[in-house]
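**Student:** Okay, here's the prediction I keep looking at, along with the sequence it came from:
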Amino acid sequence: MRLYGLIGKTLSHSFSERYFTDKFKVESIDNVQYRLFELESIDLLPELIANHPTLQGLNVTIPYKESVIPFLDSLSAEAEEIGAVNCIKIEAGRLIGHNTDCHGFRTSLEQFLGTERPERALVLGTGGAHKAVCHALRQMGITPTTVSRTAGKGDLIYSEVGAEEMAAHRLIVNCTPLGTSPRTEEAPALPYDLVSDQHYIFDLIYNPSRTLLMRRCEAQGAKVMCGYDMLTLQAERSWDIWNSRE
């Protein structure tokens, strides 16, 4: 049986196993399984590979999108440029890293914005996901400004986001895990009173589908979107890569 899966540290919130299991059933794809593999440390990846010889592909989520790279044999050109991996193809014993987050985010964002193209975007968080997001934004001609809790990691820290920054950045993208189930009452420390009906809020979180960030911004008139469409788009791109259609 062909085996695929997802690696991360905590996966109880993940929809990936259900998504692929449903896909296999609906599309009558036989002799295949998708599983969740929680790893306390990315150092356990070689053991996982050795213990599951039928593994043909893995998705990668928080917090391993960057730290997985030294364990791979090669990277696609895009993954190398981005500096983060969320998809691994296993072929003839070799692990090849790809990034499908960029495709999923850009396609989903283009649908969300329609004809709008804000000049600048606040990107919350500086983990592996933010690299793909910033790459996609630059492809679209949107300048990203990263926001971190720690000085020096991003362009700004949260206390530096005031009226001028909020007015200049009509697009806000949340790449942090704040608000993910089960800790749904958490949200990034933004000045929510400065959010307006001119803002677009894209939250990469998909569980829940309406995060506290989204609810607070929607109450101020902003347009909001969760990460479910991005999830499905990147998952389908991963499937194409694993099956040599990419």
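**Tutor:** Received, thanks.
**Student:** May I see the buried residues of the top helix by length along the chain?
**Tutor:** The longest helix of the chain (DSSP state H) is helix 228-242. Of all the residues in helix 228-242, those buried under the rule 16 or more other C-beta atoms under 10 Å are 228-239, 241-242. Yep, even glycine has a C-beta here, placed from its N, CA and C like the rest.
**Student:** Check stretch 10-18 too.
**Tutor:** Within stretch 10-18, the residues that count as buried by 16+ other C-beta under 10 Å are 11, 13-14, 16-17.
**Student:** Any idea how far apart the tips of that stretch sit?
**Tutor:** 16 Å (C-alpha to C-alpha, to the nearest Å).
**Student:** Check stretch 36-54 too.
**Tutor:** Terminal residues of stretch 36-54 lie 15 Å apart, using C-alpha to C-alpha.
**Student:** So what touches stretch 211-220?
**Tutor:** 172, 174, 178-180, 184-188, 190, 192-193, 195-197, 199, 201, 203, 205, 210, 224-226 (C-beta atoms under 8 Å, 6 or more residues apart in numbering).
**Student:** Okay, and which of these map to helices?
**Tutor:** The helices, defined by DSSP H, take in nothing from the contacts of stretch 211-220.
**Student:** Just the buried residues of those.
**Tutor:** Buried subset of these (neighbour count, 16+ other C-beta under 10 Å): 172, 174, 178-180, 184, 187-188, 190, 192, 195, 199, 201, 203, 205, 224-226.
**Student:** and which of the buried residues of helix 228-242 is nearest L72?
**Tutor:** Lowest distance from L72 to the buried residues of helix 228-242 (C-beta to C-beta) belongs to I241, with 13.6 Å.
**Student:** The closest one is in contact with C87, isn't it?
**Tutor:** Yes: taking contacts as C-beta atoms under 8 Å, I241 lies within contact range of C87: 5.9 Å.
**Student:** list residues touching both of those two?
**Tutor:** Common neighbours of I241 and C87 (C-beta under 8 Å, 6+ apart) are 57, 98, 100.
**Student:** coming back round to it: the buried residues of stretch 10-18 into CSV, with extra columns for secondary structure, pLDDT and distance to T150?
**Tutor:** Below are the buried residues of stretch 10-18 laid out as CSV (DSSP: H, G, I helix; E, B strand; the rest coil; pLDDT from 0 to 100; distance: C-beta to C-beta, whole Å):
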residue, secondary structure, pLDDT, distance to T150
L11, coil, 92, 26
H13, coil, 80, 24
S14, coil, 86, 26
S16, helix, 92, 29
E17, helix, 94, 33
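**Student:** care to break this protein down by domain?
**Tutor:** Domain ranges of the chain: 2-99, 102-229, per automatic domain parsing.
**Student:** what is the rounded mean pLDDT of the longest one?
**Tutor:** Taken as a whole, domain 102-229 has an average pLDDT of 96.
**Student:** Can you check the distance spanned by it, start to finish?
**Tutor:** Terminal residues of domain 102-229 lie 13 Å apart, using C-alpha to C-alpha.
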